[in-house]
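> this is a predicted model, with the sequence first.
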Amino acid sequence: MAEPVILANGEVKDGFIVEGMQALRSGARACDVAEQIARAVEDDPEEHTVGYGGFPNLLGEVELDASIMDGDTLHVGAVAGLKGFRHPISVARQVMVRLPHVLLVGEGAARFAEEIGAERRDMLSPEAAAAWRACMAQIGTAGSLSERVWRARQVGYGHDTMNVIVRDAHGSLCAAVTTSGVAWKYPGRVGDSPLIGAGNYCDSRYGAAACMGLGEAAIRLAAAAQVVTLLRVGWPLDAAGREVARQLAQLLGVSAAEDPMRQVDWARVLVMDADGAVGGFATRPGLHYKVQRAQDPIPYLREACFVDPS
Ligand code: GLY
């Protein structure tokens, strides 16, 4: 039997991970547990970058992205720009299970969610609506949306994401990612989270990686797929994670030099290898992740390794 392990963002509440580990100890499969933890985070109103309570786009609409990848079969399901449904991760999983496709967007994703009886919900919480109104009051209504999206960025924005990677007692891996994306984004903006290879990649033979932070950087580098490719060709986990974080840091550093507004941008990648070893690698200090192994009563918080561009 393999050792069950759960790796998740530092922001994921301990209770959600502990429940997931209890299920793994009872023989639950990696994809079921990854979906279960992602659903719990999607319901958490205190998490302003995922699910209910996530910050909306410039028009005040919450647009949700999610993906799930089964490391045994390389099957994937994803949704992007989904509005009005409580659990994007579960809609993504049903894309994987029921369709000959891997990614649905916008109206098509909502149509599919409706068709499978997914639960509807107004995903804009009162707190997120108040934060949106405050941002809009600061940036004003002058100019096109393209101009306002830059002003909104100066006000400050978030682009955290829920990453969870699960290894079950069979040694199967699954990675799930769910997010409301960048706050105050241009309507229709899609980040790395639903794009397999960018924000999520998982292969039980080699390992899995999931990204958080500025999605545009992870997309441009195919960051998650790069990490797993390095594991596949024999790189140790630490070297693979550092190499991709270094590339992310270089990309974000170049952007910062070109445009000081982007200096707030950062990225982080979480990695688990096929043996259940884990690591977190970030382009800024102070980012954390949580890991719980089968024998641990609770998850342990660890600081991600800060990797600079050099
Ligand atoms: N990493 C989340 C996003 O950029 O949408």
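Good, I have the coordinates.

> ok, the longest helix along the chain near the ligand or not?
As far as residue count goes, and with DSSP state H defining each element, the longest helix of the chain is helix 237-258. No: for a cut-off given as Cβ under 6 Å from any ligand atom, helix 237-258 has no contacts with the ligand; the smallest distance is 11.5 Å. Yep, even glycine has a C-beta here, placed from its N, CA and C like the rest.

> what's that helix packed up against?
Counting contacts by 3 or more Cβ pairs under 8 Å, 6 or more residues apart in numbering; DSSP states H and E, helix 237-258 packs against strand 207-213, helix 215-221, helix 223-232, strand 267-273, strand 278-282, strand 305-306.

> and residue 129, helix, strand or coil?
Secondary structure, DSSP: H, G, I helix; E, B strand; the rest coil: residue 129 is helix.

> correct me, but it touches residue 62?
No: Residue 129 sits out of contact with residue 62 when judged by Cβ atoms under 8 Å, with a separation of 9.6 Å.

> between those two, what contacts are shared?
Listed contacts common to residue 129 and residue 62 are residue 56; contacts here mean Cβ atoms under 8 Å, 6 or more residues apart in numbering.

> between these two, which has more neighbouring residues?
Higher neighbour count among residue 129 and residue 62: residue 62, with 24 against 15, using other Cβ atoms under 10 Å.

> pLDDT weak spots in the stretch 51-200 of the chain?
Residues of the stretch 51-200 of the chain that meet the criterion pLDDT under 70 lie in 156-159.

> which non-adjacent residue is nearest the residue of the stretch 51-200 of the chain found nearest the ligand?
The nearest approach of the stretch 51-200 of the chain to the ligand comes at residue 191, 2.2 Å away (Cβ to the nearest ligand atom). Across the structure, with Cβ to Cβ, 6 or more residues apart in numbering as the measure, the residue nearest residue 191 apart from its sequence neighbours is residue 215 (2.9 Å).

> is it correct that that neighbour is in contact with residue 192?
Yes: Residue 215 sits in contact with residue 192 when judged by Cβ under 8 Å, with a separation of 3.6 Å.

> show me which of those two is the more surrounded one.
When residue 215 and residue 192 are compared on other Cβ under 10 Å, the one with more neighbours turns out to be residue 192, at 33 against 27.

> quick one: the more buried one from residue 286, how far?
Residue 192 sits 21 Å away from residue 286, going by Cβ to Cβ, to the nearest Å.

> can you name the residue of the stretch 201-310 of the chain nearest to the ligand?
Per Cβ to the nearest ligand atom, residue 215 is where the stretch 201-310 of the chain lies closest to the ligand, at 2.4 Å.

> who's in contact with that residue?
Residues counted as contacts of residue 215 (Cβ under 8 Å, 6+ apart) are 159, 161, 181-182, 190-193, 198-199.

> between these, which is nearest residue 91?
Sorting the contacts of residue 215 by how near they are to residue 91, with Cβ to Cβ, puts residue 193 at the top with 13.4 Å.

> hang on, the earlier thing: show me which residues of the longest helix of the chain are buried.
Of all the residues in helix 237-258, those buried under the rule 16 or more other Cβ atoms under 10 Å are 237, 240-253, 255.

> would you list the phi and psi of the residue of the chain positioned farthest from its centre?
Ranking residues of the chain by C-alpha distance from their mean position (Cα atoms, centre = their mean) puts residue 142 at the top, at 32.7 Å. Taking degrees, to the nearest 10, you get phi -70, psi 140 for the backbone angles of residue 142.

> what's near enough to touch the closest residue to it other than its chain neighbours?
Nearest non-adjacent residue to residue 142, counting by Cβ to Cβ, 6+ apart: residue 148, 8.0 Å away. Shown here is residue 148, whose contacts under the criterion Cβ under 8 Å, 6+ apart are 58, 139-142.

> quick one on the thing from earlier: and the helices and strands packed on helix 237-258: which comes nearest residue 94?
With Cβ to Cβ, the closest approach to residue 94 among these belongs to strand 207-213: 20.1 Å.
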